[in-house]
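Asks: need coordinates for the below:
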Amino acid sequence: MIRTNREREGIHTGISWLGISGAGRIRNISSKMAMESRKDIEMEGVVPRKRRALDGEGESAGERRIGRGGERPTVLEGAQGRGREKNRNKQSWDYIWRSGLAGGLAGSAAKTVVAPLDRVKILFQASNPQFAKYAGSWSGVIAAMKFIYKDDGTRGLFRGHSATILRIFPYAAIKFLAYEQIRAVFIRGPEHETPWRRLISGSLAGVTSVFFTYPLEVIRVRLAFETKKDSRSSLSAICKRIYHEVPPPPAARPSASTPAVLASTEAAVQAIVPKSGLANFYRGFSATILGMLPYAGISFLTHDTAGDVLRHPLIAQYTTLEKPEHYAEDKPRPLRSWAELLAGGVAGLVSQTSAYPLEVIRRRMQVGGTVGDGRRLLIGETAGMIWREKGARGFFVGLTIGYVKVVPMAAVSFYVYERGKGWLGI
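Replies: Predicted coordinates:
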């Protein structure tokens, strides 16, 4: 019990009035009482501090674990604990490397799941002569996979996958990282959360990732396009072949109506544009950019919109999990596994449909050195060639297998990315 100064003065006055002797002993008693009072006052501050410590206020998860159980946190828990105070700032290096790592792992996992289907789809899109008879039906897809397996075993179904992983890890890392960074600029709060801002953020993220990783995509397509045992090449041989390819000069197309100035300008452009070397690694780049703008934009837009629908208050109890303690206040609750896979699958379905014709054009441009006369074609020329060969159906060759591939790939990609961010504490 705490004794105030007024109470102590009353005790002294009462003792003096009663005439009690032994003033020295009384002073000693008063001193002890004062010391006890100070201890009691100090204990009032200590007890709440201890209580706050027990409640975990002012301590990290790692500190609480050491204080309670006497054990140090694991490496992953320690990384999560260190990252949680920094992850609020998306421009911090801590957030950047964690987000990039989660994106790279997500892309690698997704591509591995669908690698056999991807091989068959490339053979269909690029009009490989050996597989033209299989294109256009589900039975053809199965027959093509059986043919590859019989000819080259399981390894044949994963041909080009090493180049795929080499490309997809940086590609997916840059794509997801760029989306987070660009989204943070365009969407600073819930009031800015509009479909157009999501679409632009996703489109710019896709273009950024393609720009830095496109040569690896060309190499992957070339590896997947080869089918003959006696002509299969190593990764280095493919790179050398692409680099040294010299396409023949464009066929002369004389026209009396063509102005001389226009003809000379075209000749000058043809002279300036590189005919071989590093430029060969960017065959089909313009078509890729045009295809990536709607594909990536619609993919992220659809995924985020589907996430909003699945988090609606009417169904949130069935589709969402409890928000982890390290989540920011403005960050939505995570979706359950099946709901996250559903959102990613819908995103893949919608984005694949919107961008598929441009993807077919891109594939034909990428293998331009191995089919036809080897001349490098422009987007319009490639589209015209496809139209003359197969009509409108030619722009959707392999779309059925594209659905089978892209839907699970997008589902796995978004799922692993969202869960990966949680594992890494962001």
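Asks: can you pull the buried residues of the helix or strand where residue 286 lies?
Replies: Assigned by DSSP states H and E, residue 286 belongs to helix 285-310. Residues of helix 285-310 classed as buried by neighbour count (16 or more other CB atoms under 10 Å): 285, 287-307, 310. C-beta: built from backbone N, CA, C; applies to glycine.
Asks: mind giving me the domain ranges of the protein?
Replies: Domains of the chain are assigned by automatic domain parsing as 1-43, 87-246+276-423.
Asks: now those domains in a markdown table, with mean pLDDT?
Replies: Below are those laid out as a markdown table (pLDDT from 0 to 100):
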| stretch | mean pLDDT |
| --- | --- |
| domain 1-43 | 50 |
| domain 87-246+276-423 | 86 |
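Asks: any idea which of those is most buried?
Replies: domain 87-246+276-423 (a mean of 18; mean count of other CB atoms under 10 Å).
Asks: would you map the strands across the chain?
Replies: Secondary structure of the chain by DSSP state E: no strands are present.
Asks: start to end distance for stretch 126-143?
Replies: 17 Å (CA to CA, to the nearest Å).
Asks: can you map out the helices along the stretch 251-400 of the chain?
Replies: 260-272, 285-310, 316-319, 337-366, 379-390, 399-423 (DSSP state H, counting those that start in this stretch).
Asks: got a markdown table for the ones you listed, with distance to residue 151 too?
Replies: Shown next, in a markdown table, are the helices of the stretch 251-400 of the chain (distance: least, CB to CB, whole Å):
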| stretch | distance to residue 151 |
| --- | --- |
| helix 260-272 | 41 |
| helix 285-310 | 30 |
| helix 316-319 | 45 |
| helix 337-366 | 22 |
| helix 379-390 | 26 |
| helix 399-423 | 19 |
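Asks: so for residue 194, which of these sits nearest?
Replies: helix 285-310 (10.1 Å; CB to CB).
Asks: which neighbouring elements make contact with that closest one?
Replies: Here helix 285-310 touches helix 195-225, helix 337-366, helix 379-390, helix 399-423, going by 3 or more CB pairs under 8 Å, 6 or more residues apart in numbering; DSSP states H and E.
Asks: now for those helices, which one comes closest to residue 117?
Replies: So among the helices and strands packed on helix 285-310, helix 399-423 is nearest, using CB to CB, at 4.2 Å.
Asks: which neighbouring elements make contact with that closest one?
Replies: So helix 399-423, by 3+ CB pairs under 8 Å, 6+ apart, packs with helix 93-113, helix 115-125, helix 138-157, helix 285-310, helix 337-366.
Asks: and if we set it to 7 Å?
Replies: helix 93-113, helix 115-125, helix 337-366 (3 or more CB pairs under 7 Å, 6 or more residues apart in numbering; DSSP states H and E).
Asks: angle of it against helix 337-366?
Replies: 130 degrees (axes from the mean of the first three to the mean of the last three CA atoms, to 10 degrees).
Asks: would you mind measuring from residue 395 to residue 179?
Replies: Taking CB to CB, to the nearest Å as the measure, residue 395 and residue 179 are separated by 28 Å.
Asks: could you do residue 318 as well?
Replies: For residue 318 relative to residue 179 (CB to CB), the value is 28 Å.
Asks: and for residue 293?
Replies: Distance from residue 293 to residue 179, by CB to CB: 14 Å.
Asks: ditto for residue 313
Replies: Relative to residue 179, and taking CB to CB, residue 313 is found at 27 Å.
Asks: and the contacts of stretch 121-140?
Replies: Residues outside stretch 121-140 that contact it (CB atoms under 7 Å, 6 or more residues apart in numbering): 143-144, 221, 224-225, 227, 360, 363-364, 367, 371, 397-398, 400-402, 405.
Asks: likewise for stretch 286-300?
Replies: 175, 179, 198-203, 205-207, 210, 214, 347-348, 350-351, 354-355, 358-359, 361-362, 365, 379, 410.
Asks: if we go to 6 Å?
Replies: 179, 199, 202-203, 205-207, 210, 347, 350-351, 354-355, 358-359, 361-362, 365, 379 (CB atoms under 6 Å, 6 or more residues apart in numbering).
Asks: ok, now stretch 329-346?
Replies: So stretch 329-346 is contacted by 302-303, 306-307, 310-311, 319-321, 323, 407, 410-411, 414-415, 418 (CB under 6 Å, 6+ apart).
Asks: repeat that for 8 Å
Replies: Contact partners of stretch 329-346, identified using CB atoms under 8 Å, 6 or more residues apart in numbering, comprise 189-190, 302-303, 306-307, 310-311, 316, 318-324, 327, 407-408, 410-415, 418-419, 422.
Asks: how about stretch 213-229?
Replies: 118-119, 122-123, 126, 128, 130-131, 148, 151-152, 159-160, 163-164, 166-167, 170-171, 174, 210, 232-233, 235, 238-239, 241-242, 278, 280-285, 288, 363, 366-367, 370.
Asks: in PDB, list the C-alpha atoms belonging to stretch 162-172.
Replies: The C-alpha coordinates for stretch 162-172 follow below in PDB (Å, rounded to 0.1, in the frame of the first residue of the first chain):
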ATOM      1  CA  SER A 162      16.100 -25.800 -69.300                       C
ATOM      2  CA  ALA A 163      16.100 -22.700 -71.500                       C
ATOM      3  CA  THR A 164      12.500 -22.100 -70.300                       C
ATOM      4  CA  ILE A 165      13.600 -22.000 -66.600                       C
ATOM      5  CA  LEU A 166      16.600 -19.900 -67.500                       C
ATOM      6  CA  ARG A 167      14.200 -17.400 -69.100                       C
ATOM      7  CA  ILE A 168      11.100 -17.700 -66.900                       C
ATOM      8  CA  PHE A 169      12.800 -17.100 -63.500                       C
ATOM      9  CA  PRO A 170      14.000 -13.600 -64.400                       C
ATOM     10  CA  TYR A 171      10.900 -12.900 -66.500                       C
ATOM     11  CA  ALA A 172       8.400 -13.800 -63.800                       C
END
